[in-house]
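Novice: I would like the atomic coordinates for the input below:
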Amino acid sequence: MLTKMLDEAQVQRFRNYIDKAERFVLMAHVSPDGDAIGASLGMYHFLTEIGKERVSVIAPNEFPDFLKWMPGTDDILVYDRYPEYAQQLIREADVLFNMDYNEPKRAGKLAPFIEAAEGRKVMIDHHPNPGDFCRLVISYPIMSSTSELVFRLLCAIKSYDDINKEAAECLYTGMMTDTGAFTYNSNRADIYAVVSELIKKGIDKDEIYRKVYQVYSESRMRLMGYTMNEKMKVYPELRTALITLSLEELKRYAYVTGDTEGFVNMPLSIDGIEFSVFIREDSDQIKISLRSVGDFPCNRFAANHFGGGGHKNASGGEYYGTLEEAVRTFERGLAELNPAIFADSPR
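Specialist: Numbers count the residues shown, from 1 in each chain. Below is the predicted model:
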């Protein structure tokens, strides 16, 4: 039995939007992860299951290969490949679902078209501090993931029976990936009630885990070994680790989107490390990923130094400059920390 957590007025408006509309667009954030893709495809399968014929999923850019087994990924429109068609779909949509992000800028190049769209905009998200660009804001930071929130929404509108196996596989993948296979942000008993219901839909959670976490290329494995052996720096007095990768290093190991997924978590396995940062050079920016354990708020560090944000223990940001400058910015921020903030953090 699921605990009632959603506002009834929001649920009713959500139901009305679905009942009255015919043209839907579901949009993920830039560099979409498992939760953004899983939540979007979960909603996509639900809408098509109930007979909606004009449903599109748009990703701002490419997403990791290890997610492309999910049913429906072949139908995702990648904006970088088909910008004009994506813009047309956004203009014509009756309802635009903004999935797993709370500000237009998180959708990258889609942002100006989202802001200009005349259709009803709905935010479905679990990140703190939601913006006010949507007519309907369904934001619950308490949730483990946006995929969990989508499941709860569909149950709240009495549509549990319309969640097919394909939708369940996508929603479970989103929940699993956004909690590190249920190793963080996943201590509510209700989460496992949701998992139980998804298993009843016929999903194989063990096979999903294998597809996401245990099927990688040889070059990815070699990149991981190189990164951990050559590119990790530890700051023991601040219980912190930093890993960096340049664009040249990524090319050396035939990098494809998603190959560095999870790297930022690895230093947290070192005894005494409670804050881990991964700084990666992309073609147009420096990508910052931050993770922590205990009470250290890495989202505050991301906001203060890299214009980012996210959850207390999992966040991200960007830097526009060189990799060396980004590292110096990180180290200046680190120097400002009081070692006492880690003193009482549980391991």
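Novice: alpha carbons only for contacts and neighbour counts from here, please
Specialist: Fine.
Novice: Contacts for stretch 156-169 next, please.
Specialist: 6, 11-12, 15, 41-46, 49-50, 70-71, 154, 198-199, 201-203, 208 (Cα atoms under 8 Å, 6 or more residues apart in numbering).
Novice: same question but for stretch 25-38, I mixed them up
Specialist: For stretch 25-38, contacts defined as Cα under 8 Å, 6+ apart pick out 40, 44, 55-64, 67, 89-90, 93, 95-101, 106-108, 145-147, 170-175, 177-178.
Novice: now it: mean pLDDT?
Specialist: The pLDDT scores in stretch 25-38 average 97.
Novice: for stretch 129-143, same thing?
Specialist: 96.
Novice: for stretch 226-243, same thing?
Specialist: For stretch 226-243, the mean pLDDT works out to 97.
Novice: Stretch 109-122 too?
Specialist: So the average pLDDT for stretch 109-122 ends up being 97.
Novice: Check stretch 306-316 too.
Specialist: Here the average pLDDT along stretch 306-316 is 91.
Novice: buried ones in it?
Specialist: For stretch 306-316, the neighbour count (16 or more other Cα atoms under 10 Å) marks F306, G308, G309, G310, H311, K312, N313, A314, S315, G316 as buried.
Novice: and N61, what are its phi and psi?
Specialist: The phi and psi values for N61, taken as degrees, to the nearest 10, are phi -150, psi -170.
Novice: Equivalent analysis for M176, please.
Specialist: Residue torsions, per degrees, to the nearest 10, at M176 are phi -60, psi -50.
Novice: Leaving out chain neighbours, which residue sits closest to it?
Specialist: F182 (6.0 Å; Cα to Cα, 6 or more residues apart in numbering).
Novice: give me the number of residues near the closest residue to N102 other than its chain neighbours?
Specialist: Excluding its sequence neighbours, the residue lying closest to N102 (Cα to Cα, 6+ apart) is P130, at 4.8 Å. By the criterion of other Cα atoms under 10 Å, P130 has 19 neighbours.
Novice: Would you map the helices across this structure?
Specialist: 8-20, 34-49, 83-92, 111-116, 146-156, 165-178, 189-200, 205-213, 218-230, 247-252, 298-306, 323-335 (DSSP state H).
Novice: okay if I get those as a markdown table plus distance to S289?
Specialist: Formatted as a markdown table, these follow (distance: least, Cα to Cα, whole Å):
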| stretch | distance to S289 |
| --- | --- |
| helix 8-20 | 32 |
| helix 34-49 | 15 |
| helix 83-92 | 27 |
| helix 111-116 | 22 |
| helix 146-156 | 19 |
| helix 165-178 | 14 |
| helix 189-200 | 25 |
| helix 205-213 | 19 |
| helix 218-230 | 15 |
| helix 247-252 | 16 |
| helix 298-306 | 8 |
| helix 323-335 | 11 |
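Novice: Out of the ones you listed, the one nearest I286 is which?
Specialist: Minimum separation from I286 across these (Cα to Cα) falls at helix 323-335, 6.6 Å.
Novice: what packs against the closest one?
Specialist: strand 275-281, helix 298-306 (3 or more Cα pairs under 8 Å, 6 or more residues apart in numbering; DSSP states H and E).
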